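Student: Got a sequence here, can you build the structure:
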Amino acid sequence: MTTNTASSTEPGNRRILLVEDEQTIADVVRDYLVMAGFQVDTAGDGFTALTLAASRKPDLVILDRMLPGLDGVEVCRRLRQSMTVPVIMVTALGTEDDRILGLEMGADDYVTKPFSPRELVLRVKSVLRRSIKDYTPEPPVQSAGLELDPASRTVSLLGAPLALTAREFDLLAFLMRRPNQVFSREELIKAVWGWDFGDLSTVTVHVRRLREKIEANPTKPELIKTVWGVGYRFDVSQDGSPGAGHGG
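Tutor: All right, here's what the predicted structure looks like:
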């Protein structure tokens, strides 16, 4: 089912794929998204969600964790194999392990049921602001074999392209532009996610995922170092090569 908006409000004419099997929740969330100026496609199961994602090319997916046929974690994993669309996971399972599982499968954000539809719309706008640039982007940055281009939202390592989620890209961009500076998880969640508070494991998971993609040995990172008791640092020397700072 597709819902079109007649106006193009602040979010622009962006398309959201809403994947939710509880019809009452789907109707309420869809109405709030439409009022916010979005076009909305809806799916009630995982297989339909994958079909719609392939054909409709949404700008963002809101994905329920518990779905019939194919659960949200598997849908997210399959989406990540074929596209870089931002994903917000919605879960009724409020445990930290469940949230981390969703993030590890590539979700950019999560919301726990019961949630405020207004809060969800704000999360959607926040993720889209960082994944779709409607203003003049910052210039490219190069360091330690990495080349990051905000205009095209692309990253390469030694010339080979990397597949990063929207949040992974933003986190790497933030750190690369501030080499050899230490940032706490609280500072990163505010600067990169735009949250004044939140589950700090979100930062931990994204750092781990980034290390798996950019480090020669993720268990002994040379680029994104842990400064124990403080936070993380993008460690490079003056010539742009990986630094020799302490941490792991």
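Student: count of neighbours near residue 74?
Tutor: 14 (other C-beta atoms under 10 Å). For every residue, glycine as well, the C-beta is placed using N, CA and C.
Student: again, but for the one 3 residues further on
Tutor: As a burial measure, the neighbour count of residue 77 was computed by other C-beta under 10 Å and equals 15.
Student: right, and it touches residue 106 too?
Tutor: Yes. Using C-beta atoms under 8 Å, residue 77 is in contact with residue 106, at 6.8 Å.
Student: What residue, apart from its backbone neighbours, is nearest residue 129 spatially?
Tutor: In space, and not counting its chain neighbours, residue 129 is closest to residue 194: 7.9 Å by C-beta to C-beta, 6 or more residues apart in numbering.
Student: Please report the distance of that neighbour from residue 217.
Tutor: Counting by C-beta to C-beta, to the nearest Å, the gap from residue 194 to residue 217 is 32 Å.
Student: Please apply the same query to residue 125.
Tutor: Residue 125 is 38 Å from residue 217, by C-beta to C-beta.
Student: Tell me the confidence at the residue nearest the centre of the chain?
Tutor: What sits nearest the mean C-alpha location of the chain, by C-alpha atoms, centre = their mean, is residue 108, with 2.4 Å. You'll see residue 108 listed with a pLDDT of 82.
Student: didn't it look like it was pressed against residue 80?
Tutor: No. Using C-beta under 8 Å as the test, residue 108 is too far from residue 80 to be in contact (10.6 Å).
Student: Now do the shared contacts for these two.
Tutor: Taking C-beta atoms under 8 Å, 6 or more residues apart in numbering as the contact rule, the neighbours common to residue 108 and residue 80 are residue 165.
Student: so where is this structure shaky, pLDDT-wise?
Tutor: 1-13, 93-99, 101-102, 131-137, 196-198, 238-248 (pLDDT under 70).
Student: before we move on, back to that, so who does the residue nearest to residue 129 touch?
Tutor: 126, 129-130.
Student: Weed out the non-buried ones from the residues you listed.
Tutor: 126, 130 (16 or more other C-beta atoms under 10 Å).
Student: now, which of the contacts of residue 194 lie within strands?
Tutor: Judged by DSSP state E, these include no members of strands.
Student: Kindly indicate which of the contacts of residue 194 lies nearest residue 189.
Tutor: residue 126 (11.8 Å; C-beta to C-beta).
Student: how close does the closest one sit to residue 44?
Tutor: 26 Å.
Student: What ranges does the protein have for its helices?
Tutor: 23-35, 46-56, 72-82, 96-104, 117-131, 166-176, 185-191, 201-214 (DSSP state H).
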